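[1] when you get a sec, could you give me coordinates for this:
(4 chains)
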Amino acid sequence: MRYVKLPKEKVCEFLERLKSMGTLYGPKKISEKFYDFREIGDVKEVEFEYNRTITPPRKYFFPERETVFTFDTVNVEIHETMPEGKPIILFGVHACDIVGLRIMDSRFIDDLPDPYYQIRRENGIIIGLSCLPDEYCFCSVRRTDFVDAGFDLFLHLLPDGYLVRVGTVTGHKLIENSPEYFEEISSEDKDNFAKFETKRRSMFTVQGNWDDMRYRLELHLDHPMYMRESDKCLGCGNCTLTCPTCRCYEVKDLPTLDGTGGERIRFWDSCQFRSHGLVAGGHNFRPTKKDRFLNRYQCKNAYCETTTTSYCVGCGRCTYFCPADIQFKENLLEVYGTGGGA
Amino acid sequence: MERSKMILPDHEIIEECRDVCRATVGVYVLTSCYGCQLVMATVQKIMEIANLVDFKCFYMVSSKSSMHEPVDIAFVEGSVSTEKDLEELKEVRKNAKVLVAIGACAVNGGVQSWSEGDLNYDELYASVYGDSKIKYKGLQAAPIDSYVKVDYFLPGCPPEEDEIMYFLSTFLFGSYPEEIDYPVCAECRLEGNPCILIESDAPCLGPITVAGCKARCPSFGVPCIGCRGPVPHDNSWFDSLALIFRNKGYSKDYIRERMKIFCSFDKNLEERLEKVFGRKK
Amino acid sequence: MSKPDPMKTYETHKCRLLRVYGLTEHEKLFLFRFDDPEIAQSWRFMPGQFVELSLLGHGEVPISICSSARRMGFFELCIRKAGRVTSEIHKLKPGDMVRIRGPYGNGFPMDRFYDRDLLLVAAGLGMAPLRSVFLYALDNRWLFGNITIINSSKLGKELLFAKELKAMRDIATAENIEIIQTATRDPDWGGLTGRAPTHLDKVNVDPTKCTAALCGPPRMYKSMFEQMIKLGYDPRYIFVNLERRMKCGVGKCGHCNIGTATSWKYTCKDGPVFDYYDIISIPGLI
Amino acid sequence: MPKKKIIHPITVDHIARIEGKAGIEVILDGKKVDVVNVNVFEGPRFFEAIAVGKHVEEAVAVFPRVCSFCAAAHKITPVLAAENAMGLEPSEQTMKMRELLYIGDFIQSHTLHLFFLALPDFLGFPDVFSMQGAHKDILNAAIALKDIGAHIQTVIGSRAIHQENALIGGFGKIPPKKSWETMRQKLRSLHDVAEEALEQFVGFPLWPEVEADRVHLALEPIDGTYTMFGNTIHASDGSKFKANAYQMRISEKVVPHSFAKHGSYNDQPFMTGALSRFTLFNDRLSKRAKLLARTYEEYLDAKNPLSNNLAQAIELIHYIHRAEIMADELASSIKPNERRVEFEITKAATGVCVTEAPRGLLAYTLKINKNGVIRAANIITPTAMYLPMMEADLRRMVEGLLEQGITDSKTIAQKLETVVRSYDPCVSCSVHVARVK
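    All right, here's what the predicted structure looks like:
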């Protein structure tokens, strides 16, 4: 892998360069406690030290709501509305979110690829950014705290700038085309990188790995945690809507007033909603709040072969943004410890 | 009252007729602020609608209105609050193929039901009109499905324009609208709003209120007041939210009164609150 | 392997409804033909696969294909009036157009059926996908041993394809095909009664060299499995066709998710056909 | 007592094109008019009673539901009353935004009344929909004006009806500079459009039958301008009184034919609304509005309720201009972080506020205990205030027509409806009203 250095004083200029290449999105502080990815007008607004954004980066490739096609009911014809494929530059993505995007890729760009997602994704540039964990983070046990693929460039914080890892040809081109912003790394930078990594690892509140979590969960499907915690649940779907790897969607036809046409839209759904498991005829495969709650714990802990991680990347959003303060990590640990002497 | 399952409508679906005929529509009002009709009368495409359908009744905007004609689609605004309201509602039901309850009053009883369970009609009457007699007989405000079968519920105080358009379009197409069964809270996250319930402990009813407004008020930093009513199919988790509010220091009375503004007719409200606070005295 | 073309994933084709047959009170059989002759020529499917049928403005539904895989350009769908789209489909008349995409799903692994006896057990709407298997076996009769088909439903009048199967009786006997039609809760029914498992001991297939395909409500599977294992059927050759909410058909939308943390599946893509060992290792599958 | 002989029953079961459910009933005794009732059978909603025991913040969120046409009026007035009770001083920016929000309400309400409800009468159509073919331009103007009213309220208040962004102490969110600039631009393009309504109503004769002396009441606007906030009520009989002492002069009583109570000023019927405001304070209108008012002076007769339509049209022009100036000011002065004044309720108090709603004087009195819970509420709406005057005008109309030998009950009924409509009554808002003392 190639490594270069982006000195602190060149960061803004580099961001300006990125902005000139397409639409630049990055983390912004939007309220007292919350951050979100937003379109960047002024590069000074970019927040380099943020814990997590409200909405996950997948929204740029798989929007909350989109028209998949318009139709003509008279001739029974459809007109697909494909994304324009404009360049999207996503700056400041944490490692866990990059794995999240790779998990999205594994489901949306497979042997039956989703064209809407794929076109946007192919036009996306991902710039990673290192971070330090807070008490909600558990990416380390998910093995997603450090990524080796899925980014074009990855910026690691140094005292006087960033150590940049170059992940793709697009990343190399970015550097080749703007050599004035970059310099070679020094041995001091290497030391600082190592120090940062050591510090970062030591900060996690959970250590080790959860590779066997899914088996332990499965052995205790009847654990009382599910009943107790789902009782607190509001069924609001915040956990899945903020999740970087949740991808359930719903589809709906909207006819025009005169009935001669209309559009088919798809929009994010959540397995926490009642209608998620409902089929025509009225049968519901997950009729209770507890069924739906348990479903999410199973789904998120399932194994993704492409990334060799669980579908949960340990970003902590589902807990951080849970109005009912349901602690995903703690609950998992509770089941994990069952029978394990904990 | 059990709300229909909405899997397959057990009423007639309007046959789409396009150029051949015009669907007949009635807009009726019981007791309310007239806001739902106001929204209906002022949707951007109102003139297009007026060309596509035949308004048999729309007293607020047309002198050419009659209560007594059969219609394909009846939109009923307002709560049943007088005996005359009830008579009219029954007639509308008789005349309509599809009856839609539109707005908080018709769907959930409206703000006039705020004291439901605490004060009855006579007590309310006495406190406002004293001993004086009025020749019309009033009734305790109630949502219209307390009296007649309602095919669809279009909530909101007032309802959202795009929902009105969606309902109308699907009906005219010979189909019917998809029901929303998730809360405002979800829409609020999709809008990318910071959560005021988490961040500033605001008494936001977004988690128990049925979505459809794109989190209009939380987007202004104003806690949801619940004007769209509870999430249907018993998925309005008053208990979970009450517990959160209680942990934030809100009193039981405050929580109950706030939730009751637009949910007083939800059969789960008191029961679920009791689960958190114990039985009401 | 060349890169899959994303534009094909959700590609729909215009199909014309040619004929409608009423089967029961709630089910009708629809015969469709692809409008585009090229598609009609090239379109193929395997028994057990399904299509997504769109009625523009109303929506889309997954429907199992129930016709013979050999009839090129034509296919039949047996549709129960159950929801928004299906009730609208029931109003269609010959000549009307719909849009179809697919076929989707794994379908039955037909090569694992060859040179073996065949047992088909259907309850209710389960007969629809199994009819496709049955017709496949008839089309390729030499590849199969003895065949038994058990078609069951609550009431006699609810038996799907009852007339068709009855009419086949004579040739069936000549072809070593046994057709059992049973109504489980019908006092007015003159024919066989009892649930499907109770007829298992009367079939003319050899359990040790038979492939079985089952489709019906989850309830039926449990008792069928017990009975079949007892009778000596090889679990590797027991297949079921499941029904879930297969909204997108291509493993994206998540509505047909099943399983638990170690066995997370999409019915539409990993299924809808599963074998016995899938069933016992994926909790909640049936 | 012998039953009165009814010769010509003149009834309108359900008056169309007004807000709320009401009918007209005229009973004649021989040739003499015996009873003229505006029957208000809109159901009661008991706002004052249900608010008792509830927290004031919840109550001010509920009050706008009194009326959709003037929701902002029913939001801002109780908010001010509550603030008066708490002794809370909102910031200047807050008051400006409130005024502009209120103006948005005026624009929307007046537009709807003039074009959607009243105009079809004058042009001979049953409703605005049937005017599509013949009067496309008028409709476009109506829609543009309605849209800007809705736009102002949506930007400031979160939506056109039942604005939740207006709160005690200020606002939840302050629209950014860009929003105010867009608003100003939209308003600027509507100068000519705003005069469309006036042009439509000028030229229609003011029916002499309803002409009569009457007392007008209106709030003296603050700062020498023409707006809805003020502290002193002026009467056209020359007297003035403090608005917060309104209960001394303005009272209400229950009548058997109406769920809306009947208001009176010193025990006499009186008029309030656009015509009253215009009559008392027209010299404060903005330049263009004043000029047009002078031009069409003959159609603006304080004695004739039909002039109310014109007075509304004049106000519409005035408020479009005023809104533009205010949006301009806010665009340059807006402080996005100056949202809400923090407050804590510590003592029991009573707060009163009277404002000018689109239909006239609107009074709120809120009594709050030390926990911020409402102990008593009193609301008097304009329609309740002028109902007796409206009945008197209807009586004059019937008598006048009968004198001219017009006896066809259908013709008479139609004319009566037009008179009712000129008041722009808001029936649903008038029904519930104040506690009987």
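
[2] where exactly do the strands run in the stretch 151-300 of chain A?
    Assigned strands in the stretch 151-300 of chain A, in chain order: A:153-158, A:161-166, A:249-255, A:261-268 (criterion: DSSP state E, counting those that start in this stretch).

[3] elements contacting the helix or strand hosting residue D:429?
    Per DSSP states H and E, residue D:429 falls inside helix D:427-430. Applying 3 or more Cβ pairs under 8 Å, 6 or more residues apart in numbering or on different chains; DSSP states H and E, we find helix D:427-430 packed against helix D:382-403. In short, each C-beta sits where N, CA and C put it, glycine included.

[4] any part of the helix it packs on near chain B?
    No. Residues of helix D:382-403 are not located near chain B by Cβ under 8 Å from any Cβ of the partner chain, the shortest gap being 12.0 Å.

[5] just checking, next helix/strand downstream of that helix?
    Where DSSP H and E defines the elements, the next helix or strand beyond helix D:382-403 is helix D:409-422.

[6] export that following helix as CSV, just CAs?
    Only the C-alpha atoms of helix D:409-422 are listed here, as CSV (Å, rounded to 0.1, in the frame of the first residue of the first chain):
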residue,chain,number,x,y,z
SER,D,409,-88.5,33.1,-0.3
LYS,D,410,-85.8,31.7,-2.5
THR,D,411,-84.7,35.1,-3.7
ILE,D,412,-84.8,36.5,-0.2
ALA,D,413,-82.8,33.5,1.2
GLN,D,414,-80.1,34.0,-1.4
LYS,D,415,-79.7,37.7,-0.5
LEU,D,416,-79.6,36.8,3.2
GLU,D,417,-76.8,34.4,2.6
THR,D,418,-74.8,37.0,0.8
VAL,D,419,-75.2,39.4,3.7
VAL,D,420,-74.1,36.7,6.1
ARG,D,421,-71.1,35.9,4.0
SER,D,422,-70.0,39.6,3.8
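
[7] distance from that helix to the middle of the chain?
    Offset of helix D:409-422 from its chain centre (Cα atoms, centre = their mean, to the nearest Å): 21 Å.

[8] so what touches it?
    Identification of contacts with helix D:409-422 by Cβ atoms under 8 Å, 6 or more residues apart in numbering or on different chains yields B:63, D:8-12, D:15-18, D:22, D:24, D:26, D:38, D:117-118, D:121, D:207, D:210, D:305-306, D:308-309, D:390, D:393-394, D:397-398, D:401, D:406.

[9] check contacts around the closest residue to chain D within the stretch 51-200 of chain A.
    The nearest approach of the stretch 51-200 of chain A to chain D comes at residue A:54, 16.9 Å away (Cβ to the nearest Cβ). By Cβ under 8 Å, 6+ apart, the contact set of residue A:54 is A:30, A:34, A:35, A:36, A:242, A:317, A:321, B:189, B:192, B:193, B:194, B:195.

[10] helices - which of these land there?
    Of the contacts of residue A:54, the ones assigned to helices by DSSP state H are A:317, B:189.

[11] what's the spacing between the helix or strand of chain D with the lowest mean pLDDT and its chain's center?
    Ranking every helix and strand in chain D by mean pLDDT, DSSP states H and E puts helix D:427-430 at the bottom, with a mean of 75. What separates the centre of helix D:427-430 from the centre of its chain is 11 Å, taken as Cα atoms, centre = their mean.
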